[in-house]
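[1] Next one to model:
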Amino acid sequence: MTFATDTHRADYGRNTIEGFARVVSVDGAMAWLEPEQTTSCGSCATASACGGKAGPNWLQARRFRIANDDGLEVGERVVVGIREGVLLKGAVTAYVLPLFTMMVGGTTAQSWFGTDAFAALGAVGGLGLGLLFARLRAAHLSARGDLAPRFIRRAAGFVPGTDCHVN
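    A predicted model of the protein is given here:
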């Protein structure tokens, strides 16, 4: 897996979705970070169905790594970001592409064979094909480093040696 370094950090100021993370481990030239849970987590209407709800291993499962070009230390609180356009590409890849291929498969099978059973089979086949395309597209975006959050700046709250779920 390839992780791109952010050499154009100034470009990340515009149209960037930012969040806080804490450095939990430094492994050579890479730093492992855990996102901080926002206060709104768990309070929205879809909290029971959300994949982001807190649990015993929730933060550890959400760990990610970035290039440690800035000498980050364990316990530091940092601001990371991802461009809105990249987030939109990821959402289209994960949701729109499979849904579109499912609808095309269902309507094509319905028009060719004229029965609901074939329409259902066409929809399932289209969904499967769309999920395969989405997986390939996500792998491509990930290999380019597009889906990885980037370090933007250090944030207030650096406390060396603090408990930050380091195993």
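[2] Ignoring the adjacent residues along the chain, who's closest to the residue nearest to the spatial centre of the chain?
    Closest residue to the average C-alpha location of the chain: Leu147 at 6.2 Å, with C-alpha atoms, centre = their mean. Spatially, and ignoring its direct neighbours in sequence, Leu147 is nearest to Leu141 (5.2 Å; C-beta to C-beta, 6 or more residues apart in numbering). (C-beta placed from N, C-alpha, C; glycine too.)
[3] Could I get the buried residue list for the one helix or strand the one you found maps to?
    Leu141 is part of helix 116-143, with elements assigned from DSSP states H and E. In terms of neighbour count (16 or more other C-beta atoms under 10 Å), helix 116-143 has its buried residues at 118-119, 122-123, 125-127, 129-130, 134, 137-138, 141.
[4] Look at the residue nearest to Leu147 and report its pLDDT.
    As predicted, Leu141 sits at a pLDDT of 86.
[5] Also Lys53?
    Lys53 is assigned 52 on the pLDDT scale.
[6] repeat for Val96
    With respect to pLDDT, Val96 scores 95.
[7] lowest-confidence helix or strand of the protein?
    The weakest-scoring helix or strand in the chain, judged by mean pLDDT, DSSP states H and E, is helix 58-61 (a mean of 54).
[8] surely the residue nearest to the centre of the chain meets Ala139?
    No. Leu147 lies out of contact with Ala139 (C-beta atoms under 8 Å); the separation is 9.9 Å.
[9] Please consider this matter closed, and thank you.
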